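Asks: The sequence and its predicted three-dimensional model are supplied below.
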Amino acid sequence: MAKNYFDRYIWLIDTVSRHGHIPFKHISDLWEDSSLNDRPGEPLSNRTFFNHLEAIFDTFGIEIKCDRTLGYYIANGEDLEADGIKQWLLESLSMSNLLNESKDMRDRILFEKIPSSQRWLSTIVNTIRDGKAVEVTYQSFSRNESSTFIAHPYCLKLFKQRWYMLAKSEEKEEPHIYALDERMMNVSPTQKSLVVPKDFDGRAYFSNYFGIIVGSDCTPILVDLKVAAGQVKYIETLKLHESQTVLKTTPEYTIYRLYLVPTFDFRQEILSHGPDYEVLSPEWFRDEVKGDILGMMKNYGL
């Protein structure tokens, strides 16, 4: 698969999405002037177009159909809007393509850097789509040497400006998380068939967690969190977790209840909000957060 096909798919999705309905002739005309067109001025062929539609459905689950009167449109747009992660991904990649076509705007639209994601993301997405395993060379921050192994990617997840791959190494019993940053030294497609459990559901796999730290022996619990009034709008417009519900609201604060595994990632998120967030229960988790705060006070001589 050509390296820039992934960008072409995003361009086509974005073009159809922005227009609502668009005839093929208009798509072809826009493609002639696109920076992604490696043959500037040449139209998009019917064969290439339909191959792209098939690949888009296989890769993103987005179905582009044709209305004989109005043109092409995204047939399952409601499903796309309901999938927040996929929507964010497509919007981000579409913006990247837009900036490539409008280079004079690059200094006026600022993004947070995602370490090394562009280097490996398209390779992994393409191998998942093609049903192939990958050869990975990886060195975790806790090891002095790298290791090379065959991995079967289950899914990709974005968290805190870093892309992660959940994959099962052929040398291990359980899948593990691998970061697509400096730790990922190389990723190469293989001819080995991708092996993923038939009942695997990435969203369900991470459903009881905040972040990317998971554990097969962990059980979710109820966590009550007190949030200062000034932060309520933020936590309601961008939930900490899908289970988040309101228990009590006052002019000074709101108490939320969440059902999840309180991992290190979740504890760090709470601490990042300082005094605006307070764990009320369970007591043992409140004590863990309190211990972190006391450790921070000690560092500052308090």
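Replies: Ah, there it is. Numbering: from 1, shown residues only.
Asks: could you point out the longest strand in this structure?
Replies: For the chain, the longest strand by residue count, based on DSSP state E, is strand 147-159.
Asks: and the following helix or strand past that strand with strand 147-159, angle?
Replies: Going down the chain from strand 147-159, the next helix or strand is strand 162-169, by DSSP states H and E. Calculated by axes from the mean of the first three to the mean of the last three CA atoms, to 10 degrees, strand 162-169 forms an angle of 140 degrees with strand 147-159.
Asks: Which residues does strand 162-169 contact?
Replies: By CB atoms under 8 Å, 6 or more residues apart in numbering, the surrounding residues in contact with strand 162-169 are 114-115, 117, 120-121, 124, 134, 136, 149-158, 174-181, 195, 202, 205, 212. (Glycine included, C-beta is placed from N, CA and C.)
Asks: ok so, going back, who does the longest strand of the chain pair up with?
Replies: According to DSSP bridges, strand 147-159 has the following sheet partners: strand 132-138 (antiparallel), strand 162-169 (antiparallel).
Asks: chain center to that strand, what's the gap?
Replies: 13 Å (CA atoms, centre = their mean, to the nearest Å).
Asks: ditto for stretch 224-241
Replies: 22 Å.
Asks: looking only at pLDDT, what's the mean for that stretch?
Replies: On average, the pLDDT along stretch 224-241 is 95.
Asks: In that stretch, which residues are buried?
Replies: By neighbour count on 16 or more other CB atoms under 10 Å, the buried set for stretch 224-241 is 224-227, 232, 235, 240-241.
Asks: I'd like the residues you listed as TSV, with distance to I22 and secondary structure appended.
Replies: Formatted as TSV, the buried residues of stretch 224-241 follow (distance: CB to CB, whole Å; DSSP: H, G, I helix; E, B strand; the rest coil):
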residue	distance to I22	secondary structure
D224	50	strand
L225	46	strand
K226	50	strand
V227	44	strand
V232	41	helix
I235	39	helix
L240	39	coil
H241	38	coil
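Asks: From D224, how far out is T250?
Replies: 14 Å (CB to CB, to the nearest Å).
Asks: With distance to W163 added, can I get the buried residues of stretch 224-241 in CSV?
Replies: Converted to CSV, the buried residues of stretch 224-241 look like this (distance: CB to CB, whole Å):
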residue, distance to W163
D224, 32
L225, 28
K226, 33
V227, 29
V232, 30
I235, 24
L240, 21
H241, 20
